[in-house]
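Enquirer: my questions concern the predicted model and sequence given below.
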Amino acid sequence: MSTLVAIPVFNGAATLPRLLTEISREGITDILVVNDGSDDETSQILTELEVDHESHSLNLGKGAAIKTAADWAAKRGYDWILTLDADLQHPPDSIPFFLEAHEENTIVVGERLNLSPMPLARRFSNKITSLLLSIRTSVSLRDSQCGFRLIPLKLFSETRFFQNGFQFESEMLIKASLAGYRINHVEIPTLYGDEKSAMRNFRDTVKFAAMYLHSFLW
């Protein structure tokens, strides 16, 4: 299987060099970073490290960055993309477990079993969205907010996605399930440091609710 590791990043200068070093230690060279309108030193770091990257002139959202990565990968003949965040919450040494779990027409999603290190608000949000998405898809989605995912690229050519922000990841699970894709899980550790999430709780909750309700018209 030909897999591209795709990293959407917004203002990731503090963590990106370490992440790329850890990915390289896993022997992985097929990497694309999508710089989603960062206004820190992310662009300079990507140039200095000579890593393949695409850049958005404006911050378009995590979903838009993943779609850019999928388009880049498809044009180069990859079959899968493996997405992980740039904030060091997704350990690169878990990548082999995703690759081992790949199956045709299946999305593999990371599952954090011990959520105690996660901030309380994020833990509550994750539980609620996972429950709602499980109801909508008739699939037990145990960690729907985890962005550590192995995704078949053909899903992007078969399905039209409208969300560009964090809601894209939920839209993907719903539309993939409706299209007959399976969703499996791989256990990963729960890692939280001092990094700040780009999610905005109230705004993103409203956007998720709007997307969720609209999904019943798909």
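Expert: Ah, there it is.
Enquirer: hey, let's count contacts and neighbours off CA atoms from now on
Expert: Will do.
Enquirer: which ones are touching the most centrally placed residue in the chain?
Expert: Closest residue to the average C-alpha location of the chain: residue 147 at 3.2 Å, with C-alpha atoms, centre = their mean. Residue 147 makes contacts with 83-85, 109-110, 169, as judged by C-alpha atoms under 8 Å, 6 or more residues apart in numbering.
Enquirer: what does residue 143 give?
Expert: So residue 143 contacts 109-112, 126-127, 130 (C-alpha under 8 Å, 6+ apart).
Enquirer: what of residue 177?
Expert: Per C-alpha under 8 Å, 6+ apart, neighbours of residue 177: 137, 139, 183.
Enquirer: among those, which ones are in helices?
Expert: residue 137 (DSSP state H).
Enquirer: residue 94: which of the contacts of residue 177 is nearest?
Expert: Residue 94 lies nearest to residue 183 out of the contacts of residue 177, by C-alpha to C-alpha, at 17.7 Å.
Enquirer: and the gap between that closest one and residue 174?
Expert: Between residue 183 and residue 174 the distance, using C-alpha to C-alpha, to the nearest Å, works out to 10 Å.
Enquirer: more crowded one of the two?
Expert: Neighbour count, other C-alpha atoms under 10 Å: between residue 183 and residue 174, residue 174 has more, with 22 against 19.
Enquirer: hang on, isn't that one packed against residue 133?
Expert: Yes. Using C-alpha atoms under 8 Å, residue 174 is in contact with residue 133, at 7.1 Å.
Enquirer: how about residue 110, phi and psi?
Expert: Backbone geometry at residue 110, expressed as degrees, to the nearest 10, gives phi -70, psi 140.
Enquirer: just to revisit the earlier point, columns distance to residue 71 on top of the contacts of residue 177, output as JSON lines?
Expert: Listed next are the contacts of residue 177 as JSON lines, based on distance: C-alpha to C-alpha, whole Å:
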{"residue": "137", "distance to residue 71": "26"}
{"residue": "139", "distance to residue 71": "27"}
{"residue": "183", "distance to residue 71": "22"}
